[in-house]
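*Asks:* Here is a sequence together with a model predicted from it:
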Protein chains: 4
Amino acid sequence: MTLDDVQELINRGPYLSWLGLKVLDLGDDSIEVKATWRPEWVANPKLMQTHGGILAALIDFAADFALVKNIGRPVPTIDMRVDYHRLAKPGDLIVKGKVIKFGKQFSVCEAQIYDEAGALIASGRGSYITAPAPEAQKKPE
Amino acid sequence: MTLDDVQELINRGPYLSWLGLKVLDLGDDSIEVKATWRPEWVANPKLMQTHGGILAALIDFAADFALVKNIGRPVPTIDMRVDYHRLAKPGDLIVKGKVIKFGKQFSVCEAQIYDEAGALIASGRGSYITAPAPEAQKKPE
Amino acid sequence: MTLDDVQELINRGPYLSWLGLKVLDLGDDSIEVKATWRPEWVANPKLMQTHGGILAALIDFAADFALVKNIGRPVPTIDMRVDYHRLAKPGDLIVKGKVIKFGKQFSVCEAQIYDEAGALIASGRGSYITAPAPEAQKKPE
Amino acid sequence: MTLDDVQELINRGPYLSWLGLKVLDLGDDSIEVKATWRPEWVANPKLMQTHGGILAALIDFAADFALVKNIGRPVPTIDMRVDYHRLAKPGDLIVKGKVIKFGKQFSVCEAQIYDEAGALIASGRGSYITAPAPEAQKKPE
């Protein structure tokens, strides 16, 4: 899978498209994307911070897609942990995903979210099924 | 805080509004809401399943708002874990949140997501700051 | 597997024996055990609290063994989350495990730890491989 | 706090002593220790693998003690996640802890466990209270 293949895969997914994801870099076991801010992301109009659910989606996406070059498709998430470090102000976000341990049955990946100034906003990790999964459990292709 | 107060609080938040949240029940340490499906939630147009990031947002919301009657405002999430149990087909979701342990510094809450047929789609838990927090860390009011 | 079978399985494991585990109740998807306090559990001799690593071991054990009647053997842990609620003073602990979602590939279980007075000390959840696993990954039998 | 101060602190704790922890390196926001294998660590005498509860204790310890030079004492764990990557055969383990985000209220740290051959056995992260805590919640000093 090339960077363009992955971008095309993203563009076919309604929610990933809504997150405005642009692939910046694709490694063998890593990915870097930009997520494009939109007003619907705001949790509280007084503070204008991006909702934690958006950050969780970005962590899950980047951790999962760190496997995509190797596996050739997004894989089902078993579970995920997200740690919230700072409030994210309005603005695009940079998200990095990396494989911690690749396994034949399941794999563990981590991800970080940075704001445009380079501050760490959130980070986390998840477990992903990398066994050939039953049709019904597969994610977008 | 009454159920109507909480609904109003939700309605003022752009992202919570986008999730189409309707409060069904509000207890002293619990909450039940309905989330209204929308096409942007779809991860993969072939499978039509709701993206895990939407489910993560609902877990975080319900776990947090299980504290809202007691605290009087949403509180900052320290971290969160989500477990994915089944693919969610298009359709509204029922989300339940409950306090596991209320603490003066931080609290732990859990949440479950069910589909309209009552199947458990996802569940999780999170840690929340319940100490009086510095202004800058407060969430929507 | 009967309660006695499970107790025998525990007695054959050096670490589980060291934790002084006595099975109190075994359900189809649940277990209740007593863990016998020992001086080596103490984190800090001034506070005399049980170390969080002991509590983590008990959460992992009980969540895993909630599956044992169904699966017939302990299964490999994929990952685990533990939340610490209160300091555990010297004394035996009651640990309860329960299956949240049984799956053919992997399952999610939760567990709680109570002190002798019934106070919730810690709780958590983990993901477990319930697919027939390669020999090398199996846990004690 | 010097490396010797930290070693002395460890030696005063019954459970940390039982884990046979030797501090190899102490940085401003990191720590590296060796844990000394003992027969009681074994989960299953047939496989001889170290029990996941021992690995969880090591992750919690190293993540917590990554803060010790900065804070001057171990701090209470809010919650922790552990991912299990490989079975640990009998032998000493190397454990590395590092601060991900230092905060005035709470901090997030990660840790990795390696066997003597350098293979990654387990990894994880936890949230720790770094606010000046009420006396009763403090850990070993």
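*Replies:* Yep, it's here.
*Asks:* Which parts of chain A are helices?
*Replies:* A:3-11, A:14-18, A:52-65, A:68-71 (DSSP state H).
*Asks:* highest average neighbour count across those?
*Replies:* For these, ranked by mean neighbour count under the definition mean count of other C-beta atoms under 10 Å in any protein chain shown, the leader is helix A:52-65 at a mean of 28. C-beta coordinates here come from the backbone N, C-alpha and C atoms, glycine included.
*Asks:* Could you say which one of the helices of chain A comes nearest to chain B?
*Replies:* In this view, the helices of chain A are compared for proximity to chain B by C-beta to the nearest C-beta, and helix A:52-65 is the closest at 2.2 Å.
*Asks:* With mean pLDDT and distance to B:I121 added, can I get the helices of chain A in a markdown table?
*Replies:* As requested, these are arranged in a markdown table below (pLDDT from 0 to 100; distance: least, C-beta to C-beta, whole Å):
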| stretch | mean pLDDT | distance to B:I121 |
| --- | --- | --- |
| helix A:3-11 | 98 | 23 |
| helix A:14-18 | 98 | 15 |
| helix A:52-65 | 98 | 15 |
| helix A:68-71 | 96 | 24 |
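*Asks:* Which of the ones you listed sits closest to chain C?
*Replies:* The minimum distance between chain C and these falls on helix A:52-65, with 12.7 Å, by C-beta to the nearest C-beta.
*Asks:* and the closest one with chain D, contact?
*Replies:* No: using C-beta under 8 Å from any C-beta of the partner chain, no contact is recorded between helix A:52-65 and chain D, whose separation bottoms out at 11.7 Å.
*Asks:* got the angle for that helix vs helix B:52-65?
*Replies:* Using axes from the mean of the first three to the mean of the last three C-alpha atoms, to 10 degrees, one finds that helix A:52-65 and helix B:52-65 are set 140 degrees apart in direction.
*Asks:* packing partners for helix A:52-65?
*Replies:* Packed against helix A:52-65 by the contact rule (3 or more C-beta pairs under 8 Å, 6 or more residues apart in numbering or on different chains; DSSP states H and E) you find strand A:30-35, strand A:77-84, strand A:93-101, strand A:106-114, strand A:120-129, helix B:52-65, strand B:77-84.
*Asks:* quick one: the second one near chain C?
*Replies:* Think strand A:77-84. Yes: Strand A:77-84 lies within reach of chain C by C-beta under 8 Å from any C-beta, at A:78-79, A:81.
*Asks:* Centroid-wise, who is the farthest residue in chain A?
*Replies:* No residue in chain A has its C-alpha farther from the mean C-alpha position than A:K46, which lies at 27.0 Å (C-alpha atoms, centre = their mean).
*Asks:* What score does that residue have for pLDDT?
*Replies:* Confidence per residue is given as pLDDT, and for A:K46 that number is 95.
*Asks:* Thought B:G53 was touching A:G52, still the case?
*Replies:* No: in this structure, A:G52 is not within contact of B:G53 by C-beta atoms under 8 Å, at 10.6 Å.
*Asks:* quick revisit: distance of the residue farthest from the centre of chain A relative to A:K89?
*Replies:* 13 Å (C-beta to C-beta, to the nearest Å).
*Asks:* and what of A:I71?
*Replies:* 34 Å.
*Asks:* for A:R81, same thing?
*Replies:* A:R81 sits 24 Å away from A:K89 when distances are taken as C-beta to C-beta.
*Asks:* Between those two, which is the more surrounded one?
*Replies:* In this view A:R81 and A:K89 are compared by other C-beta atoms under 10 Å in any protein chain shown, and A:R81 has more residues nearby, 26 against 15.
*Asks:* Quick check, that one in contact with A:S127.
*Replies:* No: under the criterion of C-beta under 8 Å, A:R81 is not in contact with A:S127, lying 9.5 Å apart.
*Asks:* Spell out which residues of chain A are next to chain D.
*Replies:* Listed as neighbours of chain D in chain A under the rule C-beta under 8 Å from any C-beta: A:81, A:83, A:85-86, A:100-101, A:103, A:108, A:120, A:123, A:125, A:127.
*Asks:* most neighbours, which of those residues?
*Replies:* Among the residues of chain A next to chain D, A:D83 has the most neighbours (other C-beta under 10 Å), with 29 neighbours.
*Asks:* wait, doesn't it sit right on A:I121?
*Replies:* No: A:D83 is not in contact with A:I121 according to C-beta under 8 Å; the separation is 10.2 Å.
*Asks:* Touching stretch A:1-12 from outside, list them.
*Replies:* Residues from elsewhere that reach stretch A:1-12, judged by C-beta atoms under 8 Å, 6 or more residues apart in numbering or on different chains: A:16-17, A:21-23, A:25-26, A:31, A:65, A:68-69, A:72-74, A:140-141, B:44-45.
*Asks:* Then stretch A:95-104?
*Replies:* Outside of stretch A:95-104, the residues within contact range by C-beta under 8 Å, 6+ apart are A:29-35, A:58-59, A:61-67, A:70, A:107-114, A:125, A:130-131, D:83, D:85-86, D:120, D:123.
*Asks:* pLDDT averaged over that stretch - what is it?
*Replies:* Rounded to a whole number, the mean pLDDT of stretch A:95-104 is 97.
*Asks:* same deal with stretch A:115-129?
*Replies:* The model assigns stretch A:115-129 a mean pLDDT of 98.
*Asks:* mind listing what's buried in that stretch?
*Replies:* A:115, A:121-129 (16 or more other C-beta atoms under 10 Å in any protein chain shown).
*Asks:* same question, stretch A:76-93
*Replies:* When neighbours are counted by 16+ other C-beta under 10 Å, the buried residues of stretch A:76-93 are found to be A:76-88, A:93.
*Asks:* what about that stretch and chain B, touching?
*Replies:* Yes: residues of stretch A:76-93 are located near chain B by C-beta under 8 Å from any C-beta, namely A:76-84, A:87.
*Asks:* check contacts around the closest residue to A:G53 other than its chain neighbours.
*Replies:* If the residues on either side of it in the chain are set aside, A:G53 comes closest to B:A57, at 2.2 Å by C-beta to C-beta, 6 or more residues apart in numbering or on different chains. Contact analysis of B:A57 by C-beta under 8 Å, 6+ apart lists A:51-54, A:56-57, B:15, B:19.
*Asks:* ok, now with 10 Å
*Replies:* If a contact means C-beta atoms under 10 Å, 6 or more residues apart in numbering or on different chains, then B:A57 has A:51-57, B:15-16, B:18-19, B:21, B:35, B:51, B:80, B:82, B:95 as its contacts.
*Asks:* A:R38 too?
*Replies:* With contacts defined as C-beta under 10 Å, 6+ apart, the neighbours of A:R38 are A:18-20, A:50, A:54, A:90, A:92, B:14-15, B:18.
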